[in-house]
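Trainee: only the shape, not the letters, is given here:
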């Protein structure tokens, strides 16, 4: 009989870190049985633009029982989950401060019941650098007994911030599997309005201020080559007006194609197939990038900035200075035959 653990996080059709969690659960289920405590409703639209669910079906995984108990609007579901955990070990995914009331309630009950809590921390620092998110983040993190982070840099940041003697282990962020497209690249280029000779950059992932899309657009505007195109694909957090103004003022309308909103996996596969390089011009970052792992799955050359980390064994990457247009411009030129 296999040993049994409990896990807390999100699985499809919930958005967010579900692709990561799904891969993790599939691997762990080969060695242990899992009670997985999932969300049936994770947070309101105001905190996660574009809705919280995809059209994917709930996965069916051998040795995994999924409990869809948790709803952000129902504190009784938080309490129910805290008392429902039967195993001695609870492995928790932690990534969004907006979930703090749920986690504080649930983990507090688990602690009172003498459960050991191992926490994978996806964002060592919250993206929102303000008092309340940082306070809630620290409060939740302090409830765990052991921690998992994704890189040596994450571990250093974590230890500088928390000064803890608890165990902190490094498990690198995996390359997340996505579908692939069997349609020839030339056909897909025509489908999306590109020419055969076009070279295509892709900016992929949620569009948030810290990700530096404005820096990329300003850099792109300095490159006067009509055959160099840019795909922007992702869900907008907040307003897109800053970026649209840059596109208009820099006369980039004919060179930039927008795929705003949540892009399904088949569309993502096609967009990456026609792209020549993925660009991640982040201004600040203390986490592992799921969007970057998708680009790596498709084996695309990538440009990242010096606030990010990447597996040094990955074959094709360049690092630009964060927020530096000249540095980013140089890396783009060095990465493409223009």
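Mentor: Now that the structure is in, tell me what you want to look at. Note that the structure is a prediction, hence the values are computed from the model and not measured.

Trainee: measure how buried residue 8 is and give me the count.
Mentor: Residues lying near residue 8 (other CB atoms under 10 Å) number 28. Where you see a C-beta, it was placed from the backbone N, CA and C, and this is true even at glycine.

Trainee: quick one: it and residue 90 touch, right?
Mentor: Yes: under the criterion of CB atoms under 8 Å, residue 8 lies in contact with residue 90, with a separation of 6.4 Å.

Trainee: what comes into contact with stretch 60-77?
Mentor: The set of residues external to stretch 60-77 that reach it, using CB atoms under 8 Å, 6 or more residues apart in numbering, is 2, 11, 25-26, 29-30, 32-44, 58-59, 78, 80-81, 84, 99, 101-102, 105-106.

Trainee: drop anything exposed from the residues you listed.
Mentor: 11, 25, 29, 32-39, 42-43, 78, 80-81, 99, 102, 105-106 (16 or more other CB atoms under 10 Å).

Trainee: and for residue 90, the neighbour number?
Mentor: Residue 90: 25 neighbours (other CB under 10 Å).

Trainee: now do the helices in the chain.
Mentor: Taking DSSP state H, the helices of the chain run over residues 18-28, 75-84, 100-112, 131-141, 152-162, 185-191, 213-222, 241-249, 265-274, 290-297, 325-335.

Trainee: got those as a markdown table, with mean pLDDT and distance to residue 229 columns?
Mentor: Listed next are those as a markdown table, based on pLDDT from 0 to 100; distance: least, CB to CB, whole Å:
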| stretch | mean pLDDT | distance to residue 229 |
| --- | --- | --- |
| helix 18-28 | 92 | 27 |
| helix 75-84 | 97 | 47 |
| helix 100-112 | 97 | 41 |
| helix 131-141 | 90 | 36 |
| helix 152-162 | 86 | 33 |
| helix 185-191 | 95 | 10 |
| helix 213-222 | 94 | 9 |
| helix 241-249 | 96 | 13 |
| helix 265-274 | 94 | 10 |
| helix 290-297 | 89 | 17 |
| helix 325-335 | 91 | 12 |
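
Trainee: turn the ones you listed into JSON lines, columns for distance to residue 312.
Mentor: Converted to JSON lines, the helices of the chain look like this (distance: least, CB to CB, whole Å):
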{"stretch": "helix 18-28", "distance to residue 312": "21"}
{"stretch": "helix 75-84", "distance to residue 312": "40"}
{"stretch": "helix 100-112", "distance to residue 312": "33"}
{"stretch": "helix 131-141", "distance to residue 312": "28"}
{"stretch": "helix 152-162", "distance to residue 312": "11"}
{"stretch": "helix 185-191", "distance to residue 312": "29"}
{"stretch": "helix 213-222", "distance to residue 312": "24"}
{"stretch": "helix 241-249", "distance to residue 312": "32"}
{"stretch": "helix 265-274", "distance to residue 312": "22"}
{"stretch": "helix 290-297", "distance to residue 312": "12"}
{"stretch": "helix 325-335", "distance to residue 312": "17"}
